[in-house]
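Novice: make a model of this:
(2 chains)
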There are 2 protein chains.
Amino acid sequence: MAEAPSFVHNNWFTEKSDGIGFSIKIKEKIFEKQSQFQKIEIYDTETLGRLLLLDGKTMVSDKDEHIYHEMITHIPLNTHPNPKRALVIGGGDGGTIREIIKHPSIEEAYLVEIDEDVINACKEYFPEVSCALDDPRVTVCCEDGIQFIKDHKNYFDLIVIDSTDPEGFALELFSPSFYQNVYDALTDDGIMTNQTDNPFIYPDTVRTTYQNMGKVFQNIYMYWGYCMLYPGSFWTFGFGSKTYNPLLEVSIEKIKAKNLKTKYYNAGLQKGAFLLPQFALDILPDHAPQKRV
Amino acid sequence: MAEAPSFVHNNWFTEKSDGIGFSIKIKEKIFEKQSQFQKIEIYDTETLGRLLLLDGKTMVSDKDEHIYHEMITHIPLNTHPNPKRALVIGGGDGGTIREIIKHPSIEEAYLVEIDEDVINACKEYFPEVSCALDDPRVTVCCEDGIQFIKDHKNYFDLIVIDSTDPEGFALELFSPSFYQNVYDALTDDGIMTNQTDNPFIYPDTVRTTYQNMGKVFQNIYMYWGYCMLYPGSFWTFGFGSKTYNPLLEVSIEKIKAKNLKTKYYNAGLQKGAFLLPQFALDILPDHAPQKRV
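Specialist: Below you'll find the model as predicted:
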């Protein structure tokens, strides 16, 4: 049996990752359910508001959830000139959908989350995260994203893979065959973004993810965001593009005109998030455009 | 009596900061001494190599120390066209000095560390960090930096405040009167950098630091680095300048030609580290140039 990913001592919850951990002072557990797929727990914490765990791993806190959700969405949506249809695979808390529908060009946004119990728990305990799931442009599908993506071709301008880490039932979401299905479900100028872990702590895992993306997408990029709860807090996002180059095609004035009301993302980060530390650049495949800077 | 800043449970060391903590799996304590100023402890850890604590707070690990030391030095030294004399206040581990003397223009580098016991412990247990302290260009002074700075006028091209956080005997290193003495000790085109904490966790502290810097320096900037061990891991550095603007005056080609052999810093970060998340920009005083981007 694998070692537990976390422990609680004296009201400090600690999630362990390769000899380091992130700890959170908790007040009380307010929800617990073993779903068909995973154990769902929600705590009240001392300084982060509410905290969602899935199988003992931190997913969302009230204090910092906006950072991950803003970065995985506004970077591609401000690169694409006119995104109309978006798909989120995973992301049952709803935060990614909330950010997507801030863009007025969006006409349809699909959330495909395998675990309905996550959606229901977040609707009840994270109302400020899940608030957009009832928007008329949003369709929520409680089904397997791996199957859903196979049934759609040339349809979405943006696909966000808002998954847990590459293990267990999420492992296939990091495979070349899955990326090929994502590619096929995108329009001719579509963009995929995904969460791709911490390359300082897990260099081999992250290298494999980008190699797999690079087998399918002509243009792959890595950018970073500050996800305090996640292992080591330096988080990366993948950007797979059929045509657009996020480093060239973005108008700062157009971003500012959208007035997106973000707390972390801003027009400077649209470029700045791609200017990576050397250890992160070193992990990218040789054909990645950021290697040539 | 104040609450202890850290605890150990089941060989996990946890440093607490406002309801969150960073945890490290330790193997054994290999050094402990109560110096005149602070408690010095060194551990062997499972995945970070050796770990230095001062008064129970993480300072240096073998795995990630290069990030802090590269960022607090190469950003200013690649902004200034010809830095010859550098001063480090604090920084008894020697890592900041090690990075400074990578620049061939440097003729004199002073380390002024109040606690000789820190220097001696790091010379014994962190040889790859302290390795430059015997370089002929380096002068090590075990004395109070606050007094040292008063005795020097118009002398240094770079002053690095490599201190602990603004509390106890380090508090004065964040005061307007100290920044004025630093200003006076700089040459007419000199630069100061300092470590300025995590603005996501401690917004009020960081705001005060930049307000104090702004009372003395015409041009103040904030940039970020990934310091995994420190509270929340998103770390900021202050940049106080008499003349040079780090966003305008840097030649990427000149940086590349120096071939600095860094593992984190690169030419892209020279600009990218100043492209900050909105919550960090919001903390800067209104006259800070980054507010106008």
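Novice: give me the distance from the lowest-mean-pLDDT helix or strand in chain A to the chain's centre.
Specialist: When the helices and strands of chain A are compared on mean pLDDT, DSSP states H and E, helix A:252-258 comes out lowest with a mean of 91. Put simply, helix A:252-258 sits 23 Å off its chain's centre (Cα atoms, centre = their mean, to the nearest Å).
Novice: what of stretch A:44-54?
Specialist: Put simply, stretch A:44-54 sits 19 Å off its chain's centre (Cα atoms, centre = their mean).
Novice: excluding its backbone neighbours, what's nearest whichever residue of the stretch 101-250 of chain A sits closest to chain B?
Specialist: Chain B sits closest to residue A:233 of the stretch 101-250 of chain A, with a gap of 3.6 Å, by Cβ to the nearest Cβ. Every C-beta, even on glycine, is put in place using the N, C-alpha and C of the backbone. Leaving aside its chain neighbours, residue A:233 sits nearest to residue B:233 (3.6 Å; criterion: Cβ to Cβ, 6 or more residues apart in numbering or on different chains).
Novice: for residue A:291, same thing?
Specialist: Excluding the flanking residues, the one nearest residue A:291 by Cβ to Cβ, 6+ apart is residue A:284, at 5.8 Å.
Novice: how many neighbours does that neighbour have?
Specialist: Number of residues near residue A:284 (other Cβ atoms under 10 Å in any protein chain shown) recorded here: 22.
Novice: ditto for residue A:73
Specialist: 31.
Novice: check residue A:211 too.
Specialist: Residue A:211, neighbours per other Cβ under 10 Å, totals 14.
Novice: mind giving me the packing neighbours of the least confident helix or strand of chain A?
Specialist: For helix A:252-258, the packing partners by 3 or more Cβ pairs under 8 Å, 6 or more residues apart in numbering or on different chains; DSSP states H and E come out as helix A:267-272.
Novice: name the residues of the helix or strand that the helix it packs on is followed by that are buried.
Specialist: Next along the chain after helix A:267-272, taking DSSP states H and E as the criterion, comes helix A:278-281. Neighbour counts using 16 or more other Cβ atoms under 10 Å in any protein chain shown place A:279-281 of helix A:278-281 among the buried residues.
Novice: go on, stretch A:23-35?
Specialist: A:23-26.
Novice: equivalent analysis for stretch A:113-125, please.
Specialist: Judged by neighbour count (16+ other Cβ under 10 Å), stretch A:113-125 contains these buried residues: A:113-123, A:125.
Novice: would you map the helices across chain A?
Specialist: A:65-77, A:95-100, A:116-125, A:127-130, A:145-150, A:176-185, A:203-214, A:252-258, A:267-272, A:278-281 (DSSP state H).
Novice: those helices into TSV, with extra columns for distance to residue B:227?
Specialist: Output for the helices of chain A, formatted as TSV (distance: least, Cβ to Cβ, whole Å):
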stretch	distance to residue B:227
helix A:65-77	17
helix A:95-100	27
helix A:116-125	32
helix A:127-130	28
helix A:145-150	36
helix A:176-185	33
helix A:203-214	18
helix A:252-258	29
helix A:267-272	18
helix A:278-281	14
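Novice: least reliable of those helices going by mean pLDDT?
Specialist: Ranked by mean pLDDT, the helices of chain A bottom out at helix A:252-258, with a mean of 91.
Novice: just the CA coordinates for it, please, in PDB.
Specialist: C-alpha atoms of helix A:252-258 as PDB (Å, rounded to 0.1, in the frame of the first residue of the first chain):
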ATOM      1  CA  ILE A 252      -1.600  44.800 -24.300                       C
ATOM      2  CA  GLU A 253      -4.200  47.500 -25.100                       C
ATOM      3  CA  LYS A 254      -6.800  44.900 -26.100                       C
ATOM      4  CA  ILE A 255      -6.200  43.000 -22.800                       C
ATOM      5  CA  LYS A 256      -6.600  46.200 -20.800                       C
ATOM      6  CA  ALA A 257      -9.800  47.100 -22.700                       C
ATOM      7  CA  LYS A 258     -11.400  43.800 -21.600                       C
END
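Novice: what does it rub up against?
Specialist: Applying Cβ atoms under 8 Å, 6 or more residues apart in numbering or on different chains, the external contacts of helix A:252-258 come out as A:78, A:102-104, A:267, A:270.
Novice: give me that answer again for 6 Å
Specialist: Helix A:252-258 has contacts (Cβ atoms under 6 Å, 6 or more residues apart in numbering or on different chains) with A:78, A:267.
Novice: buried residues in it?
Specialist: Neighbour-count burial for helix A:252-258, counted by 16+ other Cβ under 10 Å, picks out A:255, A:258.
Novice: could you do stretch A:79-89 as well?
Specialist: In stretch A:79-89, the ones that count as buried by 16+ other Cβ under 10 Å are A:79-80, A:83, A:85-89.
Novice: residue A:42: which of those is nearest?
Specialist: If you rank these by distance to residue A:42 using Cβ to Cβ, residue A:88 comes first, at 20.8 Å.
Novice: and the closest one, bridged to which residues?
Specialist: When assigned by DSSP bridges, residue A:88 has beta-bridge partners residue A:111, residue A:160.
Novice: quick one: residues contacting it.
Specialist: A:96-97, A:111, A:160, A:162 are the contacts of residue A:88 under Cβ under 6 Å, 6+ apart.
Novice: reformat those as TSV; add neighbour count.
Specialist: Formatted as TSV, the contacts of residue A:88 follow (neighbours: other Cβ atoms under 10 Å in any protein chain shown):
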residue	neighbour count
A:96	27
A:97	31
A:111	27
A:160	29
A:162	25
